[in-house]
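Asker: I'd like to go over a predicted model; first the sequence, then the structure.
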Amino acid sequence: MAITISDQQLQELETRRCFAVIVRDRRKKKGYAVLSEAIYDQARPVIEFVAAKVGDAANETDAWTEEKNARRVALVNKKYDSRLSAAEERELATLQDGVCRHQERVAPLNNRALELILEALEQRASSAARRKL
């Protein structure tokens, strides 16, 4: 499928004033990056790695709900008001992990994309080092 971009966008890509042009779909309110093949070829391993991680996060079925949060709050209150049973301690730990994962997905405290890029580069470097051995 071919996509048409404006002469101005093409010129910007060819002169490398910008490395990517964002093409927007007004109906779906989504944007897509168009970049030169040379840049894509170099960035492809990182792009694929990040895309896989983003896809994994999007496919997570363990959605955080109001009910889970209410139960977590009740357990936290009980923990400080009296005492939790061993089963309740495990349940609270599971719920705390869940709320942390949810918070990281909806409002990350750091730039996850940059972390993933760094992780991919570290994996690539360690793979290269292993091949040399």
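Answerer: It's in.

Asker: Backbone torsions only: list them for the residue lying farthest from the centre of the chain.
Answerer: Ranked by distance from the centre of the chain (CA atoms, centre = their mean), the top residue is Ser82, with 38.9 Å. The phi/psi pair for Ser82 (degrees, to the nearest 10) reads phi -140, psi -110.

Asker: Run through the strands of the protein in chain order.
Answerer: 20-25, 30-35 (DSSP state E).

Asker: same for the last one, what does it pack against?
Answerer: What that stands for is strand 30-35. For strand 30-35, the elements it packs on are helix 7-14, strand 20-25, judged by 3 or more CB pairs under 8 Å, 6 or more residues apart in numbering; DSSP states H and E. In this view, the C-beta of every residue, glycine as well, is placed from N, C-alpha and C.

Asker: Let me have the ones you listed in TSV, adding mean pLDDT as columns.
Answerer: Below are those laid out as TSV (pLDDT from 0 to 100):
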stretch	mean pLDDT
helix 7-14	78
strand 20-25	78
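
Asker: So for Ala51, which of those sits nearest?
Answerer: Judged by CB to CB, the one of the helices and strands packed on strand 30-35 that comes nearest to Ala51 is strand 20-25, at 14.9 Å.

Asker: returning to that earlier point: for the strands of the chain, could you give me JSON lines that also reports mean neighbour count?
Answerer: Formatted as JSON lines, the strands of the chain follow (neighbours: other CB atoms under 10 Å):
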{"stretch": "strand 20-25", "mean neighbour count": "13"}
{"stretch": "strand 30-35", "mean neighbour count": "11"}
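
Asker: Can you check which of these gets nearest to Thr65?
Answerer: strand 30-35 (26.6 Å).

Asker: For the closest one, which strands pair with it and how are they oriented?
Answerer: strand 20-25 (antiparallel) (DSSP bridges).

Asker: by how many degrees do the partner strand and helix 7-14 diverge?
Answerer: 150 degrees (axes from the mean of the first three to the mean of the last three CA atoms, to 10 degrees).

Asker: CA atoms only: put strand 20-25 into PDB for me.
Answerer: C-alpha atoms of strand 20-25 as PDB (Å, rounded to 0.1, in the frame of the first residue of the first chain):
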ATOM      1  CA  ALA A  20      11.100  11.500  10.500                       C
ATOM      2  CA  VAL A  21       7.800  13.000   9.300                       C
ATOM      3  CA  ILE A  22       4.600  12.300  11.300                       C
ATOM      4  CA  VAL A  23       1.600  11.400   9.100                       C
ATOM      5  CA  ARG A  24      -1.700  11.800  10.900                       C
ATOM      6  CA  ASP A  25      -4.900   9.900  10.300                       C
END
